[in-house]
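[1] Predicted model follows, preceded by the sequence.
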Amino acid sequence: MSNNPIQLSVSIVSHGHRSYVVSLLQDLVRLDRSDLEVILAWNILEEKIDLSGEPLPFRPTVIDNQVPKGYAANHNQAFQHCNGDNFVILNPDISLPADPFSALLHLLEQYAPCICAPLIKATNNSLEDSARFFPSPFSLAKKAAAKIFRVEQALDKIPDDGVMLNPDWIAGMFIVIPRQIYKDLHGLEESYHLYYEDVDFCARARLNGIEVYVSKTVYAVHHAQRQSHKSLRYLGWHLKSATKFFTSKAYFICTIEKAKIDRK
């Protein structure tokens, strides 16, 4: 274990999430961790809350974006302020019923090099599909058809040893990434817009011999908004990002490598 007193640099970006940010900060305060720092970006300045008078056990580094940035650009910007051994991407619409970080830090130490996440549950206590196989044009078409015809799709059957899952990728709502890995992979790819940055990052991690794990011993709750299901603008961004990923070198190589494994 590192001697660095800061083990976790938590990056939170608010884009119309003020009430969620307040709730998440309360969760982080309740954890009472002395090894944690928070980097908070206000992507819409009109919603900013002054936290200077709040009795927080950590002093948040606050970033005021004069112009809204994308998901990747915001977290890459936060990384420039990171002092911890591990960089934590955490959506503001996540809540923490209990402390997941000790288990995740243990996993990172035991199975290095890797990145990891907890299980993600919906507000009704059902598991979300935050740990997945890499998507394909066919799987996306199948998913779209299931939505149109209102057919429930089963979650991917991810390799499971009883304690943790070993998916191809984990959703970017909550990811813990060792600082050096984030640096070596040059952070998130900023040419994506809002979607598939997490898929691309995990693909590039895998190509560099870095495993992706989900601990089954801890979980967080996601208050999902699913904008791409409601807005044509968000849906357009989703489809554009999917197309970019499916034509990327990382997707091409990962697909070939997976096909080789499947043939064995």
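    Here it is on my side, so go on.
[2] pLDDT weak spots in the stretch 101-250 of the chain?
    Scanning the stretch 101-250 of the chain for pLDDT under 70 picks out 226-230.
[3] Just give the number of residues close to the nearest residue to Leu185 once chain neighbours are set aside.
    Distances taken as CB to CB, 6 or more residues apart in numbering place Arg204 nearest to Leu185, at 5.4 Å, with adjacent residues excluded. Every residue, glycine included, has its C-beta placed from N, CA and C. Arg204 is flanked by 20 other residues according to other CB atoms under 10 Å.
[4] which SS state does Arg204 fall under?
    helix (DSSP: H, G, I helix; E, B strand; the rest coil).
[5] Please shift the residue numbers so they start at 18 in all later answers.
    With 18 as the first residue, the last one maps to Arg221.
[6] pretty sure it is in contact with Ser265, am I right?
    No. Counting by CB atoms under 8 Å, Arg221 does not reach Ser265; the two are 9.2 Å apart.
[7] Endpoint to endpoint, stretch 125-139 covers what distance?
    Terminal residues of stretch 125-139 are spaced 25 Å apart (CA to CA, to the nearest Å).
[8] quick revisit: roughly how far does the residue nearest to Leu202 sit from Leu45?
    To Leu45, Arg221 is 29 Å away according to CB to CB, to the nearest Å.
[9] quick one: contacts for Ser265?
    Applying CB atoms under 8 Å, 6 or more residues apart in numbering, we find Ser265 in contact with Asp217, Ala220.
[10] where's it relative to Ala241, distance?
    From Ser265 to Ala241 the distance is 26 Å (CB to CB).
[11] what does Phe151 give?
    According to CB to CB, Phe151 stands 21 Å off from Ala241.
[12] Also Leu211?
    15 Å.
[13] Now find how far off-centre stretch 253-267 is within its chain.
    The gap between where stretch 253-267 is centred and where its chain is centred comes out at 18 Å by CA atoms, centre = their mean, to the nearest Å.
[14] in stretch 150-162, what's buried?
    The neighbour-count check on stretch 150-162 (16 or more other CB atoms under 10 Å) flags Phe151, Pro152 as buried.
[15] now do stretch 38-55
    Buried residues in stretch 38-55, defined by neighbour count with 16+ other CB under 10 Å: Val38, Ser40, Leu41, Leu42, Asp44, Leu45, Arg50, Asp52, Leu53, Glu54, Val55.
[16] Which of those fall within helices?
    Val38, Ser40, Leu41, Leu42, Asp44, Leu45 (DSSP state H).
[17] roughly how far apart are the closest residue to the second one other than its chain neighbours and His240?
    In space, and not counting its chain neighbours, Ser40 is closest to Ser112: 6.3 Å by CB to CB, 6+ apart. Taken as CB to CB, the spacing of Ser112 relative to His240 amounts to 7 Å.
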